[in-house]
Each structure stands twice: as structure tokens, then as C-alpha cells.
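K.L.:
predicted model and sequence below, questions to follow.
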Amino acid sequence: MDKFEEEATHLRSNLEEWIGLFELPFKAFSDAGCNGLLQIFIEGIDRSNATFADHIHCLEITVPKDVIKAMCIAAAHLSARQIAIKEGDEFSSRFLIKAAEEIGFCRGAAFGVIHEDGVSRQAQSIRGKTGGNKRAEKTAGLKAWAISESSNMVRGNATERARKLMKKVPIELANSSNDPERIIREAINKKLKKNV
């Protein structure tokens, strides 16, 4: 057994161990991976939008979809390598390299080195939007007050107006932000730019 074959056996046994959690045969992952490669390379579908692993992901939703996609594509590459060897393809090792790449992604995700892009980005986006909305709600009253008060002022830029308004801002509005002067200045500046 040559080194490539040893590595292929090692990668396949690792992958089969993970696939065993889904109680599906290796072929189910390999077939899904082949469909995935068709979707990605032939149909030009972005990997993050490809649906080839959705039916497997439904069985175990706690495993990130990107990891399941990587498992499917790794299985497809390992299966393609075996076919290439039978057909005498001297470049069959390229399938092994691709399989190792996908399995490496799975290992990184399993041990927390790699985070699933879609899930972590989406979670960060949701947290960011939620935090932004909460901050905006807290300062909305201060902004509205600042805009209405500054509309009576005829002179001064946003910074000068904000400093003047800081002297008479109601305490409950001032407490809505750690830096009420900045909030007032930005609200006035935005309003002044709109009027130009």
C-alpha cells in the first residue's frame, strides 16, 4: 500500500466515523457531494446557496450546514478517486488533496478553529442589528429633541449648536447616552446635510 492509499484509507475512516452519526451510508454523502459539485461547478451556484446537503442537514441540524457540505464533497472526492484509479488516471491524487481539504475544514469546525461562515456571520449580524436597534431606541428621543431645538437656531455649525444645546438638554434625555453631545451633534449634522 503506497502513501497515497494509506492517506486515503485514513481520511475515509475518519469521514465514515463522522458520517456514522447520521445513520446514513457513505454513498448517500458521496451522491450528495456529487450533486454539490455539479451545482457549484456546472450550474455556477455559490456554495453557500447550494442545496445539495439540505436533506442530510435536516437529519442533524446541530451540525453546521457548511460542515455537512464539506463532508459530502469530501466523500464525493474520495469516491471519484477510487473510480479514477480503476480507470488508470495518473492524477487521481488530486481527488485525495481535495478530500483532505474538505476534511480539514470539518476538523477545524469540530474543534472550534473554524466557525461556519454562514452561521457565525448571520449570528453576528443579528446581534449587531439588535444592539444597534436598542441603542437607536434609547437615543431616538434625544435626537428628536436636538433636531427640533436646533431648527430654531439660525447660526452655527453642528458642533456649536450641540454645545449650546448641551446646556439645556433635559436630564432624562442626556442619560440616554454616554456621550449625549456626540449624539446631538450627529443628529444636527445629518439634518443640516439633508437641508443642503
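P.N.:
Everything's here; your move. Numbering: from 1, shown residues only.

K.L.:
mean confidence score for the strand or helix carrying H55?
P.N.:
Using DSSP states H and E, H55 maps to helix 54-57. For helix 54-57, mean pLDDT is 84.

K.L.:
what's downstream of that helix, the next helix or strand?
P.N.:
Proceeding C-terminally, helix 54-57 gives way to helix 65-86 as the next helix or strand, assigned by DSSP H and E.

K.L.:
check which residues of that following helix are buried.
P.N.:
65-81, 84-85 (16 or more other C-beta atoms under 10 Å). C-beta: built from backbone N, CA, C; applies to glycine.

K.L.:
span of stretch 88-95 from start to end?
P.N.:
Terminal residues of stretch 88-95 lie 14 Å apart, using C-alpha to C-alpha, to the nearest Å.

K.L.:
run through who's touching that stretch.
P.N.:
F4, H77, L78, A80, R81, A84, I85 (C-beta atoms under 8 Å, 6 or more residues apart in numbering).

K.L.:
centre of the chain to it, how far?
P.N.:
34 Å (C-alpha atoms, centre = their mean, to the nearest Å).

K.L.:
in it, what counts as buried?
P.N.:
S92, S93, F95.

K.L.:
quick one: low-confidence ranges for the protein?
P.N.:
Residue ranges of the chain with pLDDT under 70: 1, 110-128, 196.

K.L.:
so it: which segments form each domain?
P.N.:
The chain is divided into the following domains under automatic domain parsing: 3-114, 120-195.

K.L.:
what's near enough to touch the closest residue to L192 other than its chain neighbours?
P.N.:
What sits nearest to L192 in space, not counting adjacent residues and going by C-beta to C-beta, 6 or more residues apart in numbering, is A158, at 5.9 Å. Contacts for A158 (C-beta under 8 Å, 6+ apart) come out as R185, E186, I188, N189, L192.

K.L.:
spell out the secondary structure type for the fourth one.
P.N.:
Each residue gets one of three states, and N189 gets helix by DSSP: H, G, I helix; E, B strand; the rest coil.

K.L.:
could you measure from it over to A140?
P.N.:
To A140, N189 is 17 Å away according to C-beta to C-beta, to the nearest Å.

K.L.:
of those two, who's got more company?
P.N.:
A side-by-side neighbour count of N189 and A140, using other C-beta atoms under 10 Å, places N189 first with 16 against 13.

K.L.:
chain center to stretch 7-24: distance?
P.N.:
With C-alpha atoms, centre = their mean as the basis, stretch 7-24 stands 26 Å off its chain's centre.

K.L.:
then it to CSV, C-alphas only?
P.N.:
Only the C-alpha atoms of stretch 7-24 are listed here, as CSV (Å, rounded to 0.1, in the frame of the first residue of the first chain):
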residue,chain,number,x,y,z
GLU,A,7,-3.8,8.6,3.5
ALA,A,8,-7.0,7.8,1.5
THR,A,9,-7.8,5.0,3.9
HIS,A,10,-7.2,7.2,6.9
LEU,A,11,-9.3,10.1,5.5
ARG,A,12,-12.1,7.7,4.6
SER,A,13,-12.2,6.1,8.0
ASN,A,14,-12.3,9.5,9.7
LEU,A,15,-15.1,10.6,7.4
GLU,A,16,-17.0,7.3,7.8
GLU,A,17,-16.8,7.8,11.6
TRP,A,18,-18.5,11.2,11.3
ILE,A,19,-21.0,10.0,8.8
GLY,A,20,-21.9,7.2,11.1
LEU,A,21,-23.5,9.8,13.4
PHE,A,22,-26.2,10.4,10.7
GLU,A,23,-27.0,6.7,10.3
LEU,A,24,-26.7,7.0,6.6
